[in-house]
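[1] predicted model and sequence below, questions to follow.
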Amino acid sequence: MPRISLVRLLLLLLLSLWPTAQVSSHQESGEWSCEHESEVRIEAGFKPGIITLDGHGDDWKDIEGSEFSLLPALDPDADKEYGGGKMTVKALHDGTSVFFLLQVDGNYVYSKGESRKCPSVSLMFQIGDSASYHDMGGCKEGTHTCTNKTCKDHEVDIMHFSIGNAIPGRLYGGNPIDNGEGNGGDRYGHLVDLYAWSPHCRYIDGTGPTGNDSSAQNNWNGAWWHSGFTVHSGFVEEDSPYASDGQKGTYYFEFSRPLRTMDRMQQDAQFTIGKSSKMSVAFWYPINGNPWHGSGHFSINCDWVPLDISLGGLSLTRTASQSSWDATTAFSLLLSVVSLCLSVFVMYRVFGPRSVPYKPMEVALG
């Protein structure tokens with residue numbers, strides 16, 4: 001074969017392999033292995049009326065959290081752990097909505113309008129029984145063949161918050177305009193509601209490969225904060241970047257969502273009091289100022305973490321209420337007994353036999 005033809009053949013071969021390398025950018029470099037912490041859980045206890053959704057962590061100080069090392073999601077090697085420290089995840093519910101707080105140390109970095117140069121977080125929940133943590137649901141279908149039929153039972157629910165356009169302390173997520181258009185988007189702060197069957201088959205709620213559905217909603221709300229901020233009365237967009245880059249401190253990300261949603265397309269996880277769900281948390285950070293990429297995130301575990309929607313608080317409330325009722329009943333009974341005794345005593349004094357004064361008898365003798 002002539003030398004030119006051979007070179008041309010090699011060039012064609014390289015070009016044919018290039019798109020494959022691009023598509024595979026989310027996949028691991030080797031065989032997937034996971035040594036997850038099987039005992040760790042996230043407890044969402046019943047604590048109504050204590051959380052204000054503003055990104056601040058002050059009202060969570062008495063809520064016990066779970067602490068996790070942050071390892072690269074595609075290569076969970078302890079040597080590659082996030083250098084800023086561990087992430088603490090806290091959760092609770094008020095009987096109607098579930099609340100989450102993510103707390104992680106990190107030097108302050110913010111670039112307005114450039115989300116990949118700002119920290120970002122995501123929550124993921126299992127929907128379908130066959131949905132795996134690994135590969136974001138684990139459906140084996142390709143980008144052009146994944147549908148709600150071919151990937152049935154592999155659905156995961158995702159909330160993703162990129163803060164590049166989000167003002168600290170302000171609320172983002174579901175809003176009347178995007179919800180009015182029937183999708184899970186957020187045009188203001190990019191706190192979006194998605195679902196997926198795999199990393200290559202992700203969609204905003206209400207959209208998909210077979211068309212859109214106008215009944216979808218973004219049911220999430222959330223806010224963020226950093227402990228390095230010195231202003232607490234409230235920021236506006238003109239205050240960006242809100243603090244000095246490199247300032248040491250802690251990031252707080254706070255979220256809430258109804259326990260149950262009106263989803264009818266298998267795009268939202270549904271939470272039940274007294275039962276467990278499966279979840280995970282992802283964290284992106286621009287290491288050394290370099291923009292992060294989609295698959296370059298850290299994760300709290302290399303498998304699902306159980307989320308317990310506890311009814312323990314409800315039981316404690318019922319017990320406390322019952323104890324209060326028992327004490328009141330006992331006190332009332334005591335008062336009744338005392339009143340009865342007093343009544344008997346008074347009646348005895350009024351109607352009882354009267355005593356006759358003693359009068360000695362004089363007897364004549366002889």
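    On my side now, so go ahead.
[2] and stretch 98-108, which residues are buried?
    98, 99, 100, 101, 102, 103, 104, 105, 106, 108 (16 or more other Cβ atoms under 10 Å). Heads up, the C-betas are built off the backbone N, CA and C, glycines and all.
[3] in TSV, list these along with pLDDT and distance to residue 65.
    TSV is the format used below for the buried residues of stretch 98-108 (pLDDT from 0 to 100; distance: Cβ to Cβ, whole Å):
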residue	pLDDT	distance to residue 65
98	98	15
99	98	12
100	98	10
101	98	7
102	98	9
103	98	7
104	98	11
105	97	14
106	95	17
108	97	22
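[4] those in strands, which ones?
    Counting by DSSP state E, the part of those found in strands is 98, 99, 100, 101, 102, 103, 104, 105.
[5] okay, the residues you listed in CSV with distance to residue 213 next?
    Shown next, in CSV, are those (distance: Cβ to Cβ, whole Å):
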residue, distance to residue 213
98, 24
99, 28
100, 27
101, 32
102, 30
103, 36
104, 35
105, 41
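[6] and the residues you listed, which two are the farthest apart?
    98 and 105 (24.8 Å; Cβ to Cβ).
[7] dihedrals phi and psi, residue 163?
    Main-chain dihedrals, residue 163, degrees, to the nearest 10: phi -90, psi 10.
[8] hmm, residue 224 and it touching each other?
    Yes - shown here, residue 163 and residue 224 form a contact pair, counting by Cβ atoms under 8 Å, at 5.3 Å.
[9] give me the common contacts of the two.
    With contacts defined as Cβ atoms under 8 Å, 6 or more residues apart in numbering, no residue is shared by residue 163 and residue 224.
[10] please name the nearest non-neighbouring residue to the residue nearest the centre of the chain.
    Geometric centre of the chain, nearest residue: residue 100, 3.6 Å, by Cα atoms, centre = their mean. Once flanking residues are discounted, residue 100 sits nearest to residue 255: 4.7 Å by Cβ to Cβ, 6 or more residues apart in numbering.
[11] just the pLDDT at that neighbour, thanks.
    Note for residue 255: predicted pLDDT of 98.
[12] what about it, is that helix, strand or coil?
    Under DSSP: H, G, I helix; E, B strand; the rest coil, residue 255 falls in the strand class.
[13] how near is it to residue 130?
    26 Å (Cβ to Cβ, to the nearest Å).
[14] kindly report the same for residue 51.
    34 Å.
[15] which of these two has more neighbours?
    Set residue 51 next to residue 130 and count neighbours by other Cβ atoms under 10 Å: residue 51 wins out with 21 against 13.
[16] that one: what's it in contact with?
    59, 60, 92, 94, 99, 254, 256.
[17] which one of those residues is nearest residue 298?
    For the contacts of residue 51, the minimum distance to residue 298 (Cβ to Cβ) is 19.2 Å, reached by residue 254.
[18] that closest one and residue 63 touch, don't they?
    No - distance between residue 254 and residue 63: 11.8 Å, which falls outside the contact criterion (Cβ under 8 Å).
[19] can you list residues touching both of those two?
    Common neighbours of residue 254 and residue 63 (Cβ under 8 Å, 6+ apart) are residue 101.
[20] who's more crowded, the two?
    residue 254 (26 against 18).
[21] quick revisit: is the residue nearest to the centre of the chain bridged to anything, and to what?
    Going by DSSP bridges, residue 100 is paired in beta bridges with residue 91, residue 255.
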